[in-house]
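A.B. asks: No sequence on hand, only this structure:
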């Protein structure tokens with residue numbers, strides 16, 4: 001039995017550290033990246049158990065990633081080693097220049113995730129299921145796995161969260177709109193930025209898109225806007241939450257930390273508002289460090305041990 005069930009591609013992250021431009025960098029730091037694995041690590045650090053379904057290549061990079069995940073205390077039971085290569089991404093920090101990402105992931109091990117990886121009993125015994133738009137975008141077989149997992153979760157009344165996580169380098173907005181609009185319904189939480197909601201629900205009015213998400217059966221719709229106020233529609237109640245503000249060192253991964261912290265808070269018995277605030281703390285801590293999960297706090301039973309960041 002696990003607290004969180006999720007699936008997605010795991011990548012090696014090569015982050016330029018000596019300059020803020022990959023083209024001129026000579027030093028790179030290797031860590032692990034991937035929206036779902038980031039969420040799984042966040043949940044694990046906060047004292048809960050996560051089941052992560054993924055595939056890595058039978059190569060040295062895959063072995064390096066497995067060692068890092070094992071060091072985090074994450075169960076490796078759901079991660080298969082297959083005859084393909086472990087995907088990677090190369091990027092700059094985004095401190096002085098816009099973040100520029102190069103993906104090495106086409107036909108990678110992670111993209112071969114399929115419905116064959118979905119075991120009903122694993123989902124039925126979980127307390128929460130989390131999916132993202134990235135796993136829908138990377139391949140048809142992965143998209144099928146996401147749809148199957150969500151169907152099984154609904155069958156067993158397991159709460160689902162869905163992070164829109166639009167990656168325009170992976171697919172077009174029209175492709176994303178068609179696939180995600182039909183997929184995101186009857187979920188516990190949907191999370192996305194103002195522009196991501198606009199792609200899925202089609203309105204230029206953020207408030208209308210929140211309403212449409214709610215009408216599609218999202219019990220809670222969370223719309224983020226960077227360091228601006230988050231719009232929240234929770235069981236028909238509309239309110240705003242101000243995110244925690246820190247000096248940003250590396251913003252990538254902070255959104256996943258927010259998601260992981262929010263889910264953990266809910267599972268830990270916090271109110272929705274308290275859970276979102278905890279998620280904001282997790283996101284701020286990750287944004288203030290280099291790497292996708294560096295800085296994630298630790299906790300017990302889904303709740304941060306102590307408050308580490310204050311709003312400015």
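C.D. replies: Perfect, thanks for sending it. Model, not experiment: these values are computed from the prediction. Numbering: from 1, shown residues only.

A.B. asks: so for stretch 1-13, what's the average pLDDT?
C.D. replies: What stretch 1-13 shows for mean pLDDT is 96.

A.B. asks: Quick check: closest non-adjacent residue to residue 57.
C.D. replies: For residue 57, ignoring the flanking residues on the chain, the nearest one in space by CB to CB, 6 or more residues apart in numbering is residue 86 at 3.9 Å. The C-beta positions use only the backbone N, C-alpha and C, and glycine is treated the same way.

A.B. asks: longest strand anywhere in this structure?
C.D. replies: Of all segments of type strand in the chain, defined using DSSP state E, the longest is strand 50-57.

A.B. asks: mind listing what's buried in whichever helix or strand comes after that strand?
C.D. replies: Counting by DSSP states H and E, the next helix or strand C-terminal to strand 50-57 is helix 60-71. Within helix 60-71, the residues scored as buried using 16 or more other CB atoms under 10 Å are 61, 62, 64, 65, 66, 68, 69.

A.B. asks: mind checking the SS state of the residue nearest to residue 57?
C.D. replies: Classification of residue 86 by DSSP: H, G, I helix; E, B strand; the rest coil places it in coil.

A.B. asks: who's in contact with residue 275?
C.D. replies: In this structure, residue 275 makes contact with 261, 262, 263, 264, 265, 266, 268, judged by CB atoms under 8 Å, 6 or more residues apart in numbering.

A.B. asks: Which one of those is nearest to residue 10?
C.D. replies: Checking these against residue 10 with CB to CB, the nearest one is residue 263 at 18.7 Å.

A.B. asks: for the stretch 101-250 of the chain, what spans make up the helices?
C.D. replies: 120-124, 133-137, 140-155, 173-183, 194-201, 206-215 (DSSP state H, counting those that start in this stretch).

A.B. asks: same for the fourth one, what does it pack against?
C.D. replies: The reference is to helix 173-183. helix 133-137, helix 140-155, helix 194-201 (3 or more CB pairs under 8 Å, 6 or more residues apart in numbering; DSSP states H and E).

A.B. asks: What residues of it count as buried?
C.D. replies: Quick answer for helix 173-183 (16+ other CB under 10 Å): 176, 177, 179, 180, 183.

A.B. asks: just curious, which of these is nearest to residue 99?
C.D. replies: Lowest distance from residue 99 to the buried residues of helix 173-183 (CB to CB) belongs to residue 176, with 19.5 Å.

A.B. asks: returning to what we had before: burial-wise, tell me which of the helices and strands packed on helix 173-183 comes out on top.
C.D. replies: Highest mean neighbour count among these (mean count of other CB atoms under 10 Å): helix 133-137, with a mean of 25.

A.B. asks: And that helix, what does it pack against?
C.D. replies: For helix 133-137, the elements it packs on are helix 35-45, helix 140-155, helix 173-183, judged by 3+ CB pairs under 8 Å, 6+ apart.
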